[in-house]
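Asks: Sequence plus the predicted model coming up.
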Amino acid sequence: MSGSLQKVIEKVLIVDDNQQNLALMQAALKQQELNIYTAQSGAMALDILDDNTFSLIIMDVSMPLLTGFETVKIFQETQRCNDTPIIFISSQCKADADIEEGFKTGAHDYILRPIDIPLFRNKVNTFLKLYRTEQELKQANLLLSEKAAQLECQLTEQLKINNELRFSEQVFENSVNGIIIVDENLKFVRVNSAFTEITGYSLIELIGKTPRILASGVQDKAFYDEMWSTLINTGSWQGELWNKRKGSELYAEMLSINAVRDKQGVVSNYIGIVTDITEKKKKHEKNEHLANYDYLTGLPNRLNLMTIMEKTITDKEIKVMAILFLDLDQFKPVNDDYGHQMGDDLLVAVAKRLRSCVRDSDFVARLGGDEFIIVLKEPNISEFASEKVAKKIISAISSPFNISNRQININTSVGIALYPRDGEDADTLITLADNAMYKSKEVGAGSFHFCMDS
């Protein structure tokens with residue numbers, strides 16, 4: 001750290017599922033020197049927060065899947081943003097309830113819609129100034145602590161000409177990262193306790209062995225060839241890889257390797273710094289799942305659906321694609337008569353039946369509520385084949401469901417659009433299939449309709 005206070009880089013995260021609201025708030029702050037990040041869902045916000053620290057978070061209360069309150073609770077548990085002020089945004093009609101819940105959750109202030117732009121700017125500036133002051137104080141304290149620590153530090157031991165590596169035992173053993181030292185033949189010379197904790201191997205078990213003992217088989221020969229080519233040419237390498245602990249459990253690590261050379265320029269040792277990033281990868285995968293899959297049924301969500309449809313459209317081997325838009329009939333009375341838990345359980349059961357009606361290569365997604373979409377993908381699917389699947393689905397859904405020892409009877413209406421006959425992009429095809437579904441409802445529950453039919 002330098003001897004002067006570093007300028008705080010101010011980043012603001014705005015979370016709102018409505019693109020127009022995001023654009024309005026961004027425009028309001030356009031004249032200010034801010035690095036503005038935006039997210040259109042709680043899951044996207046969680047992923048951004050994994051790799052960034054913000055001076056202010058502006059969070060919409062009402063969002064699908066994860067509400068603003070739920071999102072804040074999740075990332076507060078990670079202790080990533082306990083110092084970051086949070087401003088919730090709520091509509092006038094829900095203000096009292098939202099404000100009470102917001103302050104319980106950890107909000108610092110509230111803004112009501114429609115947004116008063118001058119008030120919005122003033123609140124943003126106020127909380128940025130408060131955050132900046134807190135960070136400057138922390139940085140000043142950290143600088144003072146560093147200076148004090150520097151006065152107490154012992155002189156760093158240097159590598160000797162005879163290739164002996166002498167390190168400060170305290171720094172070496174108390175490092176939170178694993179540290180390994182190997183000789184020119186890649187045989188272990190030293191490891192610290194953090195490395196032993198990560199891998200399960202003690203120094204006694206590693207003496208005479210090479211890092212190949214950790215090999216997982218995940219990386220191929222080409223990966224290691226490139227690693228060594230870089231290490232030989234530059235003297236260092238850094239990257240992610242999967243290794244294997246003593247008990248054969250796989251773990252992900254960030255590895256940094258540096259070559260140590262003697263006065264003649266010959267490599268005498270390699271020093272590796274190991275960071276276990278397994279949990280970080282798991283968290284990233286979880287956030288990815290939240291962003292792409294429906295939390296209730298486990299089916300792909302709209303975002304995932306759009307990605308798959310666009311990829312399928314660009315696949316030259318796929319000549320025809322069928323989009324089946326499903327809306328459940330008689331679903332609302334289930335919620336009204338038996339409660340939302342019964343409705344949720346029914347949706348999960350419907351999702352399972354839909355999966356059983358199609359092939360593994362086909363795609364089943366939940367748009368939300370009681371709406372589902374099925375994409376039938378094959379090189380040349382016919383109208384007859386999609387009609388056959390629609391009838392199969394209607395038959396499956398019309399069979400009674402046993403939910404919590406109650407027999408539930410529902411139907412489904414299906415609208416069908418074909419690519420490229422009816423449309424050549426995902427949005428158009430979904431809209432046409434949706435319109436066709438409403439045509440089928442006019443005919444009667446448990447029917448299907450092609451969008452090209454009169």
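Replies: Noted; the coordinates are in hand. Residues are numbered from 1 along each chain as shown.

Asks: Which neighbouring elements make contact with the helix or strand harbouring Ile36?
Replies: When secondary structure is defined by DSSP states H and E, Ile36 falls within strand 35-39. Under the contact definition 3 or more C-beta pairs under 8 Å, 6 or more residues apart in numbering; DSSP states H and E, strand 35-39 sits against strand 11-15, helix 19-28, helix 42-51. C-beta coordinates here come from the backbone N, C-alpha and C atoms, glycine included.

Asks: looking at those, which is buried most?
Replies: strand 11-15 (a mean of 23; mean count of other C-beta atoms under 10 Å).

Asks: Give the rounded mean pLDDT of it.
Replies: Strand 11-15 comes out with an average pLDDT of 91.

Asks: Now the element after the helix or strand where Leu346 lies, going C-ward?
Replies: Following DSSP H and E, one finds Leu346 within helix 340-357. For helix 340-357, the following helix or strand on the C-terminal side (DSSP H and E) is strand 363-368.

Asks: buried stuff in that following strand?
Replies: Phe363, Val364, Ala365, Arg366, Leu367 (16 or more other C-beta atoms under 10 Å).

Asks: So what are the sheet partners of that strand and their directions?
Replies: Strand pairing for strand 363-368, determined by DSSP bridges: strand 371-378 (antiparallel).

Asks: Show me how far whatever helix or strand comes next after the strand it pairs with is from its chain's centre.
Replies: Toward the C-terminal end, the helix or strand that comes next after strand 371-378 (DSSP H and E) is helix 383-398. Relative to the centre of its chain, helix 383-398 is centred 35 Å away, using C-alpha atoms, centre = their mean, to the nearest Å.

Asks: what's the answer for stretch 70-90, then?
Replies: 16 Å.

Asks: Just the terminal-to-terminal distance for that stretch.
Replies: Stretch 70-90 has an end-to-end distance of 15 Å (criterion: C-alpha to C-alpha, to the nearest Å).

Asks: Could you tell me the average pLDDT over that stretch, please?
Replies: On average, stretch 70-90 scores 79.

Asks: Tell me which residues of that stretch come out buried.
Replies: By 16+ other C-beta under 10 Å, the buried positions in stretch 70-90 come out as 71-72, 74-75, 80-81, 84-90.

Asks: got it, and stretch 123-143?
Replies: Across stretch 123-143, burial judged by 16+ other C-beta under 10 Å covers Lys123, Val124, Phe127, Leu128, Tyr131, Gln135, Gln139, Leu143.

Asks: same check, this time on stretch 316-330
Replies: Quick answer for stretch 316-330 (16+ other C-beta under 10 Å): Ile318, Val320, Met321, Ala322, Ile323, Leu324, Phe325, Leu326, Asp327, Leu328, Asp329.

Asks: what's the least confident helix or strand in this structure, going by average pLDDT?
Replies: helix 95-105 (a mean of 71; mean pLDDT, DSSP states H and E).

Asks: Partner strands of the helix or strand just after that one, with direction?
Replies: For helix 95-105, the following helix or strand on the C-terminal side (DSSP H and E) is strand 109-113. Strand 109-113 sits in its sheet next to strand 86-91 (parallel), going by DSSP bridges.

Asks: Give me the contact list for the strand it pairs with.
Replies: 16, 21, 56-62, 68, 72, 98-99, 102, 105-113, 115, 123-124, 127 (C-beta atoms under 8 Å, 6 or more residues apart in numbering).
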